[in-house]
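Undergrad: Quick one, what's the 3D model for this:
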Amino acid sequence: MTDLGGKQVPAMHACGHDMHMSVWLGTATVLARLKEQWKGKLILIAQPAEEKGLGAHAMLDDKLFERFGKPDGCLALHMSSAYAAGTVALCPGYALANSESCDILVKGRGGHGSMPQATIDPIVIAAKIVLGLQTIVSREKDPRQPGVITVGSIHGGSKHNIIPDECALQLTIRSYDDKVHEALKAGILRVAKAEAQAANAPEPVVTFSEALKSTFNDPLWCAHLAEVFRGAVGAPNVFDAQPVMGAEDFGLFGRAGVPAVMFWLGAWERGRFDAAQKSGETLPSLHSSGFAPDPQPALEAGVLAMSAAVIDAFANGVPSQKK
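TA: Model prediction:
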């Protein structure tokens, strides 16, 4: 397939979305069969384009809640490589991060490697930018507030002895708090421009894209759902999860003023998972070609947990919505 940058790349996402939609369909089937056990309006969202962070944006921009009614709560699940199939996990509060991509095009003046005095070397400037970015996280950000700046790609030059005109960097920025996120972005701009100015180079071009907002799980509902899930899949199969720096656009539904919870659905075949726990082996994570969920127990747990959560919400309401 062709990515957003026009490059041909393998078309594998490996994040379990086929499992997500199978649980979604299974839950719809169960709730339809048990329609005498609940009463209310249920909206099942087949959210598109999560991989690019566009689906929830588009649906809310298209007045999802105005057209179909603002719900009392929003529920979602996502596969996790951190747990065995047949289990679920909940993380109250921040569960997923703000995420944004950043491109920095460092400009210089190319020339021959034997005559650097006649050039402005963008690769050297880019290297100093990479190092300078690390101090934004380590020396400018409050260490009690999570934040990550990762340079995932650096490309410049085409030959051993030629200094190029440009060098391109690709970054990802992660945080939970919105103010921290904006501070990280401001720091990136400042460092990039300052290093270019120090080298007497043209100002670099810095662009931000693919922004996703952090997902905040309603703490009261999370605590209640933990009890519901214990009844649905068994207490030994319900875990407390830690926040992760991955990103998802589901959080936008919560930011639209609706209590929201996304919970994790375990993936691994239990025998392999238990063996890895004993040996210390790190199993392949989401987006890895080695990620391989165990379908039947994972799907069963997902459908049981989601169906029980929906029926309970109709019967008892969403805790944070109660007066």
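Undergrad: how far does stretch 141-148 sit from the chain's center?
TA: 18 Å (C-alpha atoms, centre = their mean, to the nearest Å).
Undergrad: ok, now stretch 71-89?
TA: 14 Å.
Undergrad: So for that stretch, first residue to last residue, what's the gap.
TA: Terminal residues of stretch 71-89 lie 23 Å apart, using C-alpha to C-alpha, to the nearest Å.
Undergrad: what's the answer for stretch 30-38, then?
TA: 12 Å.
Undergrad: Of all the residues in the helix or strand of the chain with the lowest mean pLDDT, which ones are buried?
TA: Between all helices and strands in the chain, the lowest mean by mean pLDDT, DSSP states H and E belongs to helix 55-61, at a mean of 87. Using 16 or more other C-beta atoms under 10 Å as the burial criterion, the residues of helix 55-61 that qualify are 55, 56, 57, 59, 60. C-beta: built from backbone N, CA, C; applies to glycine.
Undergrad: For residue 91, see how far away the first one is.
TA: Here the criterion is C-beta to C-beta, to the nearest Å. By it, residue 55 lies 22 Å from residue 91.
Undergrad: would you turn the buried residues of helix 55-61 into TSV with distance to residue 121?
TA: Shown next, in TSV, are the buried residues of helix 55-61 (distance: C-beta to C-beta, whole Å):
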residue	distance to residue 121
55	42
56	43
57	40
59	47
60	46
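Undergrad: right, and out of these, which lies closest to residue 249?
TA: residue 56 (4.0 Å; C-beta to C-beta).
Undergrad: Quick check: the closest one touching residue 254?
TA: No - applying C-beta atoms under 8 Å as the test, residue 56 and residue 254 come out as separate, 10.0 Å apart.
Undergrad: Please give the element, helix or strand, for the residue positioned nearest the centre of the chain.
TA: Geometric centre of the chain, nearest residue: residue 247, 1.3 Å, by C-alpha atoms, centre = their mean. According to DSSP states H and E, residue 247 maps onto no helix or strand at all.
Undergrad: what kind of secondary structure is the residue lying closest to it once chain neighbours are set aside in?
TA: Excluding its sequence neighbours, the residue lying closest to residue 247 (C-beta to C-beta, 6 or more residues apart in numbering) is residue 99, at 3.4 Å. Per DSSP: H, G, I helix; E, B strand; the rest coil, the secondary structure class of residue 99 is strand.
Undergrad: so what secondary structure elements neighbour the least confident helix or strand of the chain?
TA: Taking 3 or more C-beta pairs under 8 Å, 6 or more residues apart in numbering; DSSP states H and E as contact, the helices and strands that helix 55-61 lies on are helix 251-255.
Undergrad: Looks like residue 204 contacts residue 103 (just checking).
TA: No - using C-beta under 8 Å, residue 204 is not in contact with residue 103, being 9.8 Å away.
Undergrad: Please say which of these two ends up with more neighbours.
TA: residue 204 (26 against 16; other C-beta atoms under 10 Å).
Undergrad: Distance check, the more buried one against residue 211.
TA: For residue 204 relative to residue 211 (C-beta to C-beta), the value is 20 Å.
Undergrad: repeat for residue 122
TA: Taking C-beta to C-beta, one finds residue 122 at 27 Å from residue 211.
Undergrad: quick one: which of the two has more around it?
TA: Using other C-beta under 10 Å, the more surrounded residue of residue 122 and residue 211 is residue 122, with 28 against 16.
Undergrad: from what I can see that one touches residue 162, true?
TA: No - in this structure, residue 122 is not within contact of residue 162 by C-beta under 8 Å, at 11.9 Å.
Undergrad: what's around the closest residue to residue 23 other than its chain neighbours, how many residues?
TA: Leaving aside its sequence neighbours, residue 23 sits nearest to residue 302 (C-beta to C-beta, 6+ apart; 3.6 Å). Residue 302: 26 surrounding residues under other C-beta under 10 Å.
Undergrad: contacting residues around residue 302?
TA: 19, 22, 23, 26, 27, 77, 88, 265 (C-beta atoms under 8 Å, 6 or more residues apart in numbering).
Undergrad: Repeat the analysis, applying 10 Å as the threshold.
TA: 19-20, 22-24, 26-27, 77, 79, 85-86, 88, 233, 263, 265-266 (C-beta atoms under 10 Å, 6 or more residues apart in numbering).
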